[in-house]
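>>> sequence first, predicted model second:
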Amino acid sequence: MTLTDRRPTAAATPAADTPRQRSPMKRARSLAAWGLIGPYTLFLVLFGAAPAGYALWTSFTHDGSFAGIRNWTGVFEDYRLVDSAAHVGTYLLLWLPILVLLVLSLALTLHVKPGRFSSTMQFVYYLPGAVTGSAAALLWLFMVSPDASPFSPVLDLFDITSATDALSGQSLISVLTVMGVAVHAGGWIIVLYGALNALPKDVMEAAQVDGASTWRTTWHIKLPMVRSYVAFVLISSFAAGSQVFVEPTVLTTGAPGQISPTWSVNQLAYNYATQEGDFGKAAALSLAMLAVGLLAAWIVISRTRMYETDHR
């Protein structure tokens, strides 16, 4: 028998998977994937895409009849929109950088010092975030009232003698910024801390063996590897901040006449629907806010390469 007449035996070479053998595994993976994304897709369609589609139709109608772009032009010609957008823009420019930098710095600090101290501080940071929405606004209303606030000596340093002083003019944006950081920071710290804990141990050990300092390890290894989580914090926080509504609405009770009922863009849309009965304008403004949020998300995703994967 010549060398060319030899045939590989079953023992010599592993049997290749046939399509019939692979199909059950692929089917199981496909079912598992749909089991995970199916409920989310359903809720996205029912409570996201469908309402947005209905709002789009409503934005082109008035009193049940087609109105063209009348509602859109009415919204953008409303003088109140300029002030509302300026308020929200100023709030975002102040609150968003402070929130992201604080969350990043505290999460990285906790990751350097793991253990009981880290677990305790996570709980401490999360406590303010346990009170959200209207309850948080009421809590902070007492915090800026010198007669009831435990921080009245601090308020005296800034010549704040009543809640009206703290909630008027530019002071309101400062109060909202402190509120926003206190409410949202704790949860994001836990998210980023979990992402840091999930970093490959061999990479961290290799950096230590090479003699990399804590700063170089943080800047060149940790931050690049958690950039997708930081991008997620930016997108979610921008969406929450641009739609600020509950806080200025509730704080109005502590400073009657000082805070406009259309202080934020979301409040203006609410005013269109509830006070003026103009659902077409409310829908148009809501869709404009949605477009701004989607644009901001696209910019963050493209700039940070949020969904980029390593194919090595």
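Yep, it's here.
>>> now find how far off-centre stretch 41-52 is within its chain.
19 Å (C-alpha atoms, centre = their mean, to the nearest Å).
>>> which other residues reach it?
Under the contact criterion C-beta atoms under 8 Å, 6 or more residues apart in numbering, stretch 41-52 has outside partners 287, 290. C-betas here are computed from N, CA, C, even on glycine.
>>> ends of that stretch, how far apart?
15 Å (C-alpha to C-alpha, to the nearest Å).
>>> in that stretch, what's buried?
Within stretch 41-52, no residue counts as buried by 16 or more other C-beta atoms under 10 Å.
>>> ok, now stretch 141-153?
141, 143-146, 149.
>>> so what touches that stretch?
155-156, 160-163, 166-167, 175, 250-251, 253-254.
>>> for ChimeraX, write the selection for the buried entries among those residues.
The ChimeraX command for the buried members of the contacts of stretch 141-153 (criterion: 16+ other C-beta under 10 Å) is given here:
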select :155,160,163,166,167,175,250,251,254
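>>> nearest to Asp63, of the contacts of stretch 141-153?
Checking the contacts of stretch 141-153 against Asp63 by C-beta to C-beta gives Val250 as the nearest, at 32.7 Å.
>>> how near is the closest one to Leu172?
12 Å (C-beta to C-beta, to the nearest Å).
>>> contacting residues for Thr252?
Contacts of Thr252 (C-beta under 8 Å, 6+ apart): 258-259, 261.
>>> go with 7 Å
Ile259 (C-beta atoms under 7 Å, 6 or more residues apart in numbering).
>>> let's see the pLDDT reported for it.
pLDDT for Thr252: 81.
>>> part of a strand, is it?
No: using DSSP: H, G, I helix; E, B strand; the rest coil, the assignment for Thr252 is helix, not a strand.
>>> distance check, it against Val246.
Thr252 is 11 Å from Val246, by C-beta to C-beta.
>>> could you tell me the end-to-end distance of stretch 72-80?
Counting by C-alpha to C-alpha, you get 14 Å between the two ends of stretch 72-80.
>>> identify all contacting residues around it.
With C-beta under 7 Å, 6+ apart as the criterion, stretch 72-80 contacts 59, 81, 262, 268, 281, 284-285.
>>> in the chain, which residue is closest to the centre?
Ser236 (1.4 Å; C-alpha atoms, centre = their mean).
>>> run through the residues that contact that residue.
Per C-beta under 7 Å, 6+ apart, neighbours of Ser236: none.
>>> so how far is Thr217 from it?
Where Thr217 is concerned, Ser236 sits at a distance of 27 Å (C-beta to C-beta).
>>> for Leu167, same thing?
Taken as C-beta to C-beta, the span from Leu167 to Thr217 is 44 Å.
>>> nice, that's everything, thank you.
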